[in-house]
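**Student:** Give me a 3D structure for the following:
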Amino acid sequence: MRASVGDRLLVHGRIAGQHDRTVEVIEVLGAEGGPPYRVRFEDGHETLMSPGPDTVVRPFAPEG
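**Tutor:** Numbers count the residues shown, from 1 in each chain. Take a look at the predicted model:
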């Protein structure tokens, strides 16, 4: 997995009834865009994340 600052990570729910979550990559700590990533949730909470196979990278696309 490779991500850049500004990309979004879509984390699919792992159990029935669990919603998908989207987080923003605010810092890449791994080599060459690899994990771990510092991410920010929609509520402002920040944490380190090493995404698993249930996660998809959505590249940052500036509006315009």
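**Student:** can you pull the contacts of Ile26?
**Tutor:** For Ile26, the contact set (C-beta atoms under 8 Å, 6 or more residues apart in numbering) comprises Val5, Tyr37, Arg38, Val39, Arg40, Glu46. Placement of C-beta: from N, CA and C, glycine included.
**Student:** Now the longest strand belonging to the chain: buried residues?
**Tutor:** Criterion DSSP state E: the longest strand present in the chain is strand 21-28. By neighbour count on 16 or more other C-beta atoms under 10 Å, the buried set for strand 21-28 is Val23, Glu24, Val25, Val28.
**Student:** Also stretch 44-63?
**Tutor:** For stretch 44-63, the neighbour count (16+ other C-beta under 10 Å) marks Met49, Pro51, Thr55, Val57 as buried.
**Student:** quick revisit: for the contacts of Ile26, which single residue is the most surrounded?
**Tutor:** When neighbours are taken as other C-beta atoms under 10 Å, the top entry among the contacts of Ile26 is Tyr37 (26 neighbours).
**Student:** can you tell me how far that one sits from Gly17?
**Tutor:** Using C-beta to C-beta, to the nearest Å, Tyr37 is found at 26 Å from Gly17.
**Student:** Distance from the longest strand of the chain to the middle of the chain?
**Tutor:** Distance, stretch centre to chain centre, for strand 21-28: 4 Å (C-alpha atoms, centre = their mean, to the nearest Å).
**Student:** likewise stretch 13-22?
**Tutor:** For stretch 13-22, the separation from the chain centroid amounts to 14 Å (computed by C-alpha atoms, centre = their mean).
**Student:** and the residue nearest to the spatial centre of the chain, what are its bridge partners?
**Tutor:** Centroid check for the chain by C-alpha atoms, centre = their mean gives Leu9 as the closest residue, at 2.8 Å. In this entry, Leu9 is beta-bridged to Val23, Val57, by DSSP bridges.
**Student:** On the pLDDT front, check it for me.
**Tutor:** Looking at Leu9, its pLDDT is 97.
**Student:** can you confirm Arg14 is in a strand?
**Tutor:** No - going by DSSP: H, G, I helix; E, B strand; the rest coil, the assignment for Arg14 is coil, not a strand.
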